[in-house]
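In: Sequence and predicted structure are below.
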2 protein chains.
Amino acid sequence: METKRINDVIRFSDRLEKIPLFDSSRYFCDLYCLRPGQDQRIHSHAESDKIYYVLRGTGLFHIAGEERELGEGETVIARPGQEHGVRNTATSDLVLLVFMTPRP
Amino acid sequence: METKRINDVIRFSDRLEKIPLFDSSRYFCDLYCLRPGQDQRIHSHAESDKIYYVLRGTGLFHIAGEERELGEGETVIARPGQEHGVRNTATSDLVLLVFMTPRP
């Protein structure tokens, strides 16, 4: 059985750390781990949806020109072509579960 | 910004409750809410991957003939054609974040 325990795979580095959980030719399912101050810079994908789910901490999300702080138990989507990014503006670590399909 | 707060959308009924979070023509992203004793019966999809992430509680997962109990912070995948199902065998509610692509 292909299982992962999040606590076993979380790791941080000197920039946003992306940890692959599962994927196929169609999608990515990753963990994003951000120390305070780290970010995923604003970018977009012409055809992909990206869903962020906040597992731990609080992040300042930017989606299509709007910014909002989201915490544990909140989820947000960037639709195709929408600019999106996230910054850990809090004092604790930020861990996100991220699905993206199709692969860009 | 398209956001959802899990605590605002969780609900239970007399059987497995599937709550759509986001979707497109390519995928489903749902919450599955199961009271103790409730289950998703074993089934399979010829072409789809299904990823379960345990947000709350503990479930007995069946994937391709293997059974394992998974709790909060654990994730598991059913690959195309693999039989899969889950039962809440615990005494507390089970809440799963589920991502499936492509749509069957």
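Out: On my side now, so go ahead. Note that this is a predicted model, so its numbers are computed, not measured. Numbers count the residues shown, from 1 in each chain, chains lettered A, B, ... in the order given.
In: what element comes up after the helix or strand containing A:C29 heading to the C-terminus?
Out: Here A:C29, judged by DSSP states H and E, is contained in strand A:28-34. Next in sequence after strand A:28-34, counting helices and strands by DSSP H and E, comes strand A:39-43.
In: partner strands of that next one, parallel or antiparallel?
Out: strand A:84-87 (antiparallel) (DSSP bridges).
In: that older thread, contact partners of the strand holding A:C29?
Out: Contacts of strand A:28-34 with the rest of the structure, by C-beta atoms under 8 Å, 6 or more residues apart in numbering or on different chains, involve A:6, A:9-12, A:16-23, A:40, A:52, A:55, A:57, A:59, A:86-88, A:93-101, A:103, B:51, B:99. From N, CA and C alone the C-beta is placed, and that goes for glycine too.
In: Just the strands from chain A, written as ranges.
Out: A:3-5, A:17-23, A:28-34, A:39-43, A:49-56, A:58-63, A:66-71, A:74-78, A:84-87, A:94-101 (DSSP state E).
In: Mind giving me the PyMOL select for the contacts of strand A:28-34, buried ones only?
Out: Entered in PyMOL, the line below selects the buried ones among the contacts of strand A:28-34, by 16 or more other C-beta atoms under 10 Å in any protein chain shown:
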select buried, (chain A and resi 6+10+16+17+21+22+40+52+55+57+59+86+87+88+94+95+96+97+98+99+100+101) or (chain B and resi 51+99)
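In: Save the strands of chain A as CSV, and put in mean pLDDT too.
Out: Formatted as CSV, those follow (pLDDT from 0 to 100):
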stretch, mean pLDDT
strand A:3-5, 98
strand A:17-23, 98
strand A:28-34, 98
strand A:39-43, 96
strand A:49-56, 98
strand A:58-63, 98
strand A:66-71, 98
strand A:74-78, 98
strand A:84-87, 98
strand A:94-101, 98
